[in-house]
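# Please work out how this folds:
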Amino acid sequence: MNKTEMTKVEGYLRRTFANHNIRLVARPKKTDSAEVYIGEEFIGVLSVDDEDGDRSFNFSMAILDTDLDE
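As a prediction, this is how the structure comes out:
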C-alpha cells in the first residue's frame, strides 16, 4: 500500500465515519497493510487484497468483551 492509497483510504474512512481523527499508519516491514488509529488509540488493521485482478481494501477491527463494559 503506497502513500497515495493510504491518503485516499484515510479520507474515505474519515468521511464514512464522520471522524477526522482517523489516521492510517504504515506498518514496519509490511507493504500490504496499515494500522488504523483514532487519535492515539489503535483500532484495527487495513489490508490490501489483490486477488483476481481487483484491488480492494479490508478493514478489520477486534472488539474485546472488556471494552464493552466501559
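
# Tell me if I am right that T31 is in a helix.
No - applying DSSP: H, G, I helix; E, B strand; the rest coil, one finds T31 to be coil, outside a helix.

# how about it, phi and psi?
phi -110, psi 0 (degrees, to the nearest 10).

# for it, what are its contacts?
Listed by Cβ atoms under 8 Å, 6 or more residues apart in numbering, the contact set of T31 reads M1. C-beta here means a position set from N, CA and C on the backbone, and glycine is covered the same way.

# Let me know the pLDDT of it.
On the pLDDT scale, T31 is placed at 89.

# What segments of this structure are strands?
22-26, 33-38, 41-49, 56-60 (DSSP state E).

# Of all those, which one is nearest V9?
strand 56-60 (5.5 Å; Cβ to Cβ).

# ok now that closest one, how far from the chain's centre?
7 Å (Cα atoms, centre = their mean, to the nearest Å).

# what lines up beside that strand in the sheet?
strand 41-49 (antiparallel) (DSSP bridges).

# The partner strand: which residues count as buried?
For strand 41-49, the neighbour count (16 or more other Cβ atoms under 10 Å) marks V45, L46, V48 as buried.

# Distance check, the last one against Y37.
V48 sits 18 Å away from Y37, taking Cβ to Cβ, to the nearest Å as the criterion.

# Near D67, how many residues? Count them for me, please.
Neighbours of D67 under the rule other Cβ atoms under 10 Å: 8.

# Repeat that for V9.
Neighbour tally, V9, other Cβ under 10 Å: 19.

# Check what pLDDT the nearest residue to it once chain neighbours are set aside gets.
Leaving aside its chain neighbours, V9 sits nearest to F57 (5.5 Å; criterion: Cβ to Cβ, 6 or more residues apart in numbering). If you check F57, the pLDDT there is 94.
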